[in-house]
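In: Here is a sequence together with a model predicted from it:
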Amino acid sequence: MQIPFHTLDVFTDRTFGGNPLGVFPDAAHLPTDLMQRIALEMHLSETVFLGAPETPEGSARVRIFTPGREVAFAGHPTVGSAIFLAADSGSHTLGPSDSEGSPATSGSMTLVLEENVGPVPVVVRLENGTPVFAQFTTAILPEHRPSPHSPDDLARMVGLDAADVCPDDMPVEMVSCGLEYHIIPVRTIDAIRRAALNMTLWKTMVADGWAHHVYLVCPEAEGEGVDAHVRMFAPGSGVPEDPATGSAAAALGGYLSKIDGRAEASLSWTVEQGLEMGRPSIIHVEADRAGGATAAVRVGGSAVFVSQGTMTI
């Protein structure tokens, strides 16, 4: 059996940046164990399998696999899948692509991706019929939990000193918008560059916990107009380090919104990731506050098509 696939680089506007994504169209019907084996063969941070929608509102069924497991939600697969489907809508659609159900050629179009976390709406911006940017709204509002570990112990887990972590008003916290992250604030660019996950400590401290993905956040950045520099380690999902993590950026939006604390506000941040891996990525994050709480989190970015081929099964 020959199965076609494509790859995109997500959260970048140029080839070989961002986070690579494998896309298998018309493949959500495959057995789950086969999808997992294909994802391991692709060995990217995530591989997605697309299929026809299962609800009237949906645009496509989307299943997301890391090399090690299926996940209910992930950011760069959501952005990449939406841009793939929007580009593909000129030839055929898997489901309604805008409010009228016909492909858009300029402006924007809205897709609803049926992920295991639930329906995820994505607005895709188009220029001359080409999708250039996609922004999703998380299906789940941020869930916050305290870390069971001290900042000093978590600093040791990522190869840093206690003085390197927790800048003023930035505590350690676990946050999820559908995928759980251990957020560890780091004071300086120099420190976050030096960070290295100690696998022995990771296994004993967080591997079996609620949030085993480790997300380092620095309020300094290298790029102009960038608000934060981040790194993400997910060995439990088969990803030693990820070059661009949209689900973590969503958790970061919830985290920073909580720190902001205003009753009503529209907040936005630009986040850089992947520089240590030679895959520079830019992620745009927004959060709305209403009634003293986070009311919505949105994450967006660009993607470029890189390759296509067939896999023999």
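Out: Now that the structure is in, tell me what you want to look at.

In: and stretch 195-206, what's its mean pLDDT?
Out: Rounded to a whole number, the mean pLDDT of stretch 195-206 is 98.

In: Extract the C-alpha set from that stretch and format it as PDB.
Out: What follows is stretch 195-206, C-alpha atoms only, in PDB (Å, rounded to 0.1, in the frame of the first residue of the first chain):
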ATOM      1  CA  ALA A 195      20.200  24.600  30.200                       C
ATOM      2  CA  ALA A 196      20.400  20.800  29.600                       C
ATOM      3  CA  LEU A 197      17.800  18.400  30.900                       C
ATOM      4  CA  ASN A 198      19.200  15.900  33.400                       C
ATOM      5  CA  MET A 199      17.400  12.700  32.500                       C
ATOM      6  CA  THR A 200      18.000  10.900  35.800                       C
ATOM      7  CA  LEU A 201      16.400  13.800  37.700                       C
ATOM      8  CA  TRP A 202      13.600  14.200  35.100                       C
ATOM      9  CA  LYS A 203      12.700  10.500  35.500                       C
ATOM     10  CA  THR A 204      12.600  10.700  39.300                       C
ATOM     11  CA  MET A 205      10.900  14.100  39.600                       C
ATOM     12  CA  VAL A 206       8.400  14.600  36.800                       C
END
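
In: which non-adjacent residue is nearest the residue of the chain most remote from its centre?
Out: Centroid-distance maximum for the chain: residue 1 at 31.0 Å, with Cα atoms, centre = their mean. Of all residues beyond its chain neighbours, the one nearest residue 1 is residue 313 (4.5 Å), with distances taken as Cβ to Cβ, 6 or more residues apart in numbering. Any C-beta I mention is one placed from the backbone N, CA and C, and that applies to glycine too.

In: so where is the stretch 101-250 of the chain shaky, pLDDT-wise?
Out: Residue ranges of the stretch 101-250 of the chain with pLDDT under 70: 101-105.

In: Can you show me the strands along it?
Out: Applying DSSP state E, counting those that start in this stretch to the stretch 101-250 of the chain gives strands spanning 107-115, 118-127, 130-137, 143-145, 173-176, 180-185, 213-218, 228-234, 239-242.

In: and of these, who's closest to residue 79?
Out: strand 130-137 (4.6 Å; Cβ to Cβ).

In: Now do the same contact list for residue 235.
Out: Contact analysis of residue 235 by Cβ atoms under 8 Å, 6 or more residues apart in numbering lists 197, 199, 202, 207.

In: Dump the strands of the stretch 101-250 of the chain to CSV, plus distance to residue 293 and mean neighbour count.
Out: Output for the strands of the stretch 101-250 of the chain, formatted as CSV (distance: least, Cβ to Cβ, whole Å; neighbours: other Cβ atoms under 10 Å):
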stretch, distance to residue 293, mean neighbour count
strand 107-115, 24, 21
strand 118-127, 20, 18
strand 130-137, 16, 20
strand 143-145, 11, 14
strand 173-176, 14, 23
strand 180-185, 18, 25
strand 213-218, 21, 25
strand 228-234, 22, 24
strand 239-242, 29, 20
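
In: and residue 191, which of the ones you listed is closest to it?
Out: Shortest distance between residue 191 and the strands of the stretch 101-250 of the chain, using Cβ to Cβ, is found for strand 213-218: 7.4 Å.

In: Now the closest one - C-alpha only, CSV.
Out: C-alpha atoms of strand 213-218 as CSV (Å, rounded to 0.1, in the frame of the first residue of the first chain):
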residue,chain,number,x,y,z
HIS,A,213,6.9,18.3,29.5
VAL,A,214,9.5,20.8,30.6
TYR,A,215,9.1,24.4,29.4
LEU,A,216,11.8,27.0,30.1
VAL,A,217,10.7,30.6,29.7
CYS,A,218,13.1,33.6,29.7
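
In: So what are the sheet partners of it and their directions?
Out: Partners of strand 213-218 in the sheet, by DSSP bridges, are strand 180-185 (parallel), strand 228-234 (antiparallel).

In: Run through who's touching that strand.
Out: With contact meaning Cβ under 8 Å, 6+ apart, strand 213-218 is reached by 157-158, 170, 179-189, 191-192, 195, 197, 202, 206, 228-234, 236-237, 245, 248, 251-252, 255.

In: again, only this time at 7 Å
Out: 158, 179-186, 188-189, 192, 195, 197, 206, 228-234, 248, 251-252 (Cβ atoms under 7 Å, 6 or more residues apart in numbering).

In: what does stretch 247-255 give?
Out: Residues from elsewhere that reach stretch 247-255 (Cβ under 7 Å, 6+ apart): 73-75, 138, 142, 173, 175-179, 181, 183, 213, 215, 217, 232, 271, 283, 285-287, 294, 297, 299.
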